[in-house]
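K.L.:
What shape does this take:
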Amino acid sequence: MEKRVRVRFAPSPTGPLHIGGVRTALYNYLFARKHGGDCLIRIEDTDQNRYVPGAEEYILESCKWLGFDFDEGPHVGGPHAPYRQSERKDMYREYAEQMVRKGHAYYAFDTTEELEEMRKKLEAARMPSKYDAVSRTSMKNSLTLSEDEVQKRINNGDPYVIRIKLPRKEEVRFHDVIRGWVVVHTSQMDDKVLLKNDGMPTYHLANVVDDHLMGITHVIRGEEWLPSAPLHVMLYKYLDWESTMPVFAHLPLILKPEGNGKLSKRDGDKLGFPVFPLEWKDPKSGEVSSGYRESGYRPDAVLNLLALLGWHPSDNREMFTLDELCEEFSLERVSKSGAKFDQNKAKWFNHQYILKAPISELTDKVMEDAETRFPGAERSYVQKVVELMREKVNFTTEILDAGAFFFTEPESYDDKVVRKKWKNDIPQLISELSSAFNDLGNWSAHEIQSCFSSFAESKDKSAGSLMQPLRVSVSGEGGGPPIFEMLEVLGKETVVSRMQNAVETLPQATA
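P.N.:
Purely as a prediction, here's the structure:
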């Protein structure tokens with residue numbers, strides 16, 4: 001019987017969640033749902049020196065905004081609780097000590113100064129400065145000290161760490177779903193610390209122990225962890241868990257827009273786009289970093305964008321719901337190479353989702369701002385504005401900026417259009433057209449267009465020669481939503497008044 005798929009997203013609360021981390025969470029989530037398995041979230045907070053207050057809450061809120069309903073985690077519980085590694089501290093020592101007893105790990109009593117001296121000597125000898133099968137023979141550890149000396153130091157409370165004992169020459173092989181077979185020689189590795197002198201495990205030990213105890217079947221994580229994978233394979237071997245070792249899949253990086261290196265916060269700051277899902281305020285410096293949510297991005301657009309950064313579907317589709325992504329996703333279609341972040345594509349996705357979104361939902365968002373900017377604005381009117389303007393914007397936050405003329409008279413007129421189109425007999429024609437509009441009984445887009453066409457024909461003018469002057473006289477803008485629908489929403493009284501006001505204003509402006 002095939003094992004039930006179980007995956008985990010395991011962020012560290014050391015700051016805000018990068019969108020690369022969001023994509024890792026997404027791919028884990030999609031894989032679990034595709035195979036009818038479980039997706040859990042585990043907070044890896046063993047590095048207390050880098051712990052940032054508020055970071056865990058930020059991570060969980062980000063995941064909630066994006067729609068990840070984890071099956072297990074610190075916020076929902078589960079059969080393998082606790083899901084914070086700092087709350088599992090006591091169990092890790094047992095496994096580290098077990099490895100010492102079996103000869104796969106050892107106690108190391110070296111001070112910071114002694115470690116630094118070792119590094120300098122190795123560098124001077126043009127050798128790799130690492131604690132390994134060669135250098136450990138000259139250091140203070142349970143491999144070089146007598147058993148009595150070791151026990152005496154432990155009883156005295158001398159600080160120590162537990163390090164893995166790697167063989168000098170051994171080939172470590174494992175298969176990665178995305179990268180194929182990976183082969184590393186232990187001569188290229190070092191004896192990593194497994195248990196720190198404060199009793200906390202390092203990422204390596206805690207990660208492997210928790211993945212085993214939580215029944216993780218597939219480890220899907222960023223490629224920055226690929227160099228650590230051989231060590232983890234050795235830990236599975238030394239803990240006698242080789243038969244249940246999970247399948248590995250190391251995801252490619254999300255690259256800078258120009259493709260040179262990993263996307264960073266600095267790139268986002270420089271080019272004007274967020275690299276975090278939510279706005280983040282650094283608790284120490286007070287610096288605020290922008291977030292996708294606060295920048296007006298829809299969570300479904302962010303997920304669709306991230307899904308295609310490193311993965312390609314079986315066809316050339318670009319638009320997916322979360323359910324459709326779950327159905328289509330496969331690790332075999334994840335690329336080995338990094339994916340360039342494209343800010344324009346991100347905006348395009350958001351635009352597509354604005355067009356697909358329920359009009360009432362968009363209106364809810366716009367009303368929050370409209371009530372402040374244009375007191376007294378009625379919801380039914382705002383909804384009509386949203387219906388017309390959403391085709392013209394990438395973000396709902398832009399609707400009131402681009403469509404401010406729906407609520408207030410234009411304070412200025414598009415200078416380019418005025419210079420090019422507001423010539424000769426246009427003021428007189430606009431004035432006469434306003435009278436024709438004023439006489440209309442049925443103020444609908446269809447009737448307005450019919451009246452406009454008849455008027456242009458009667459004056460022996462092309463519709464094109466009058467269209468932009470009409471638009472600019474009413475909205476002040478040279479472009480915008482479909483003009484006759486726009487005039488219908490504005491209402492006859494407003495339209496006629498603005499046309500007459502433009503006639504009175506613009507001749508002086510261009511005289």
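K.L.:
contacts and neighbour counts: CA atoms only from here.
P.N.:
OK.
K.L.:
tally of neighbours for Q449?
P.N.:
15 (other C-alpha atoms under 10 Å).
K.L.:
now for the helix or strand that contains it, which elements pack on it?
P.N.:
Q449 is located in helix 445-458, with elements delineated by DSSP states H and E. Using 3 or more C-alpha pairs under 8 Å, 6 or more residues apart in numbering; DSSP states H and E, the elements in contact with helix 445-458 are helix 426-438, helix 463-475, helix 483-490.
K.L.:
hey, where'd the strands end up in this protein?
P.N.:
Here the chain has its strands, by DSSP state E, at 6-9, 38-41, 105-108, 161-164, 171-176, 180-185, 193-195, 218-222, 247-251, 254-255, 280-281, 288-289, 339-340.
K.L.:
Stretch 267-278: which residues count as buried?
P.N.:
Residues of stretch 267-278 classed as buried by neighbour count (16 or more other C-alpha atoms under 10 Å): G268, F273, P274, V275, F276, P277, L278.
K.L.:
Pull the distance from that stretch to the chain's centre.
P.N.:
Here stretch 267-278 is found 10 Å from its chain centre; the criterion is C-alpha atoms, centre = their mean, to the nearest Å.
K.L.:
Next: stretch 297-304.
P.N.:
Chain-centre distance of stretch 297-304: 9 Å, with C-alpha atoms, centre = their mean.
K.L.:
who's in contact with it?
P.N.:
Applying C-alpha atoms under 8 Å, 6 or more residues apart in numbering, the external contacts of stretch 297-304 come out as 23, 26, 65-67, 292-293, 318-322, 346, 349-350, 352-353, 395.
K.L.:
Give me the pLDDT for A509.
P.N.:
Per-residue pLDDT puts A509 at 47.
K.L.:
Next: E2.
P.N.:
At E2, pLDDT is 73.
K.L.:
same question, the one 3 residues further on
P.N.:
According to the per-residue confidence, V5 scores 98 in pLDDT.
K.L.:
isn't L143 right up against V134?
P.N.:
No - applying C-alpha atoms under 8 Å, one finds L143 not in contact with V134, separated by 11.9 Å.
K.L.:
more neighbours, these two?
P.N.:
For L143 versus V134, neighbours defined as other C-alpha under 10 Å are more numerous around L143 (18 against 13).
K.L.:
Excluding residues flanking it in the chain, which one is nearest the more buried one?
P.N.:
Excluding the flanking residues, the one nearest L143 by C-alpha to C-alpha, 6 or more residues apart in numbering is Y106, at 6.9 Å.
K.L.:
Give the full set of residues in contact with the one you found.
P.N.:
With C-alpha under 8 Å, 6+ apart, Y106 has these contacts: M99, V100, N141, S142, L143, I162, R163, I164, K165.
K.L.:
likewise K461?
P.N.:
Listed by C-alpha under 8 Å, 6+ apart, the contact set of K461 is empty.
K.L.:
Got the confidence number for it?
P.N.:
pLDDT, K461: 93.
K.L.:
tell me the domain ranges of the protein?
P.N.:
Following automatic domain parsing, one finds the domains of the chain at 6-73+208-255, 89-204, 266-354, 357-406, 415-510.
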